[in-house]
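> Model the following, please.
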Amino acid sequence: MDTGTREKTVDLPPTGSRNPDPITDAPGAHPIEAGIGAAIAGGYAGKGIGELIDPTTEDNWLRDHFESRPYVEEGDRFEDFAPAFRYAALAEAKYGDAGIDLMDEQLQREWEASKDSDMPWTKAKDAVKDAYDRTVRIRQERAQAGPVEAVLED
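Numbering: from 1, shown residues only. You can find the predicted model right below:
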């Protein structure tokens with residue numbers, strides 16, 4: 001009896017391809033195993049998104065002070081700017097407190113490719129910067145405050 005490892009050449013049953021690994025092209029990648037691996041890796045990448053601070057839902061400051069913001073014109077509504085505020089939260093999750101450059105063509109391309117808003121980048125970018133700065137401050141304040149322990153009720 002041969003106890004050595006053999007390379008998988010076909011799937012039986014059912015018959016099918018050799019299930020190549022999507023990254024290395026090595027034969028024998030199991031679709032479920034590959035999916036679990038992707039979910040785990042995605043889970044680590046998703047940690048930043050899970051910790052996303054969305055100023056439109058977690059911080060009423062922008063809503064309360066919306067009309068006083070320098071980029072707001074007569075007739076503008078907070079709801080129209082909400083996608084820009086959420087986009088700022090994504091930028092903060094991506095870049096941290098390193099800052100964002102509103103002239104960065106990548107930021108503009110991502111905004112324009114998004115289907116969340118029809119607002120042109122020229123109008124959205126100051127709101128993005130405002131909410132980004134606010135989100136950075138919120139995260140810094142939370143970091144300085146330290147972890148919050150859960151309170152259990154009887």
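
> How about V128: what's its closest non-neighbour residue?
Nearest non-adjacent residue to V128, counting by CB to CB, 6 or more residues apart in numbering: A88, 4.6 Å away. Any C-beta I mention is one placed from the backbone N, CA and C, and that applies to glycine too.

> what's the helix or strand for the one you found?
helix 78-95 (DSSP states H and E).

> Show the pLDDT at G48.
Predicted confidence (pLDDT) for G48: 44.

> E92 reaches R139, doesn't it?
Yes. At 7.0 Å, E92 and R139 qualify as touching, with contact defined as CB atoms under 8 Å.

> These two - which one has more neighbours?
E92 (25 against 17; other CB atoms under 10 Å).

> returning to that earlier point: can you report how many residues lie near the residue nearest to V128?
28.

> go on, A84?
25.

> again with D104
Neighbours of D104 using other CB under 10 Å come to 13.

> What does the pLDDT read for it?
We have a pLDDT of 86 for D104.

> can you tell me how far it sits from D80?
Distance of D104 to D80, computed by CB to CB, to the nearest Å: 23 Å.

> now A143
From A143 to D80 the distance is 31 Å (CB to CB).

> which of those two has more neighbours?
More neighbours surround D80 than the other of A143 and D80, with 16 against 10 (other CB under 10 Å).

> okay, the more buried one: pLDDT?
Value for D80, per-residue pLDDT: 94.

> and the residue nearest to it when sequence neighbours are not counted, helix, strand or coil?
Closest residue to D80 apart from its sequence neighbours, by CB to CB, 6+ apart: M119 at 6.6 Å. When classified by DSSP: H, G, I helix; E, B strand; the rest coil, M119 comes out as coil.

> which residues sit in contact with M119?
Residues near M119 by CB atoms under 8 Å, 6 or more residues apart in numbering: 80-81, 83-84.

> Now render those as CSV, adding distance to K115.
Converted to CSV, those look like this (distance: CB to CB, whole Å):
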residue, distance to K115
D80, 15
F81, 16
P83, 10
A84, 14
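
> In stretch 96-105, which residues are buried?
I100 (16 or more other CB atoms under 10 Å).
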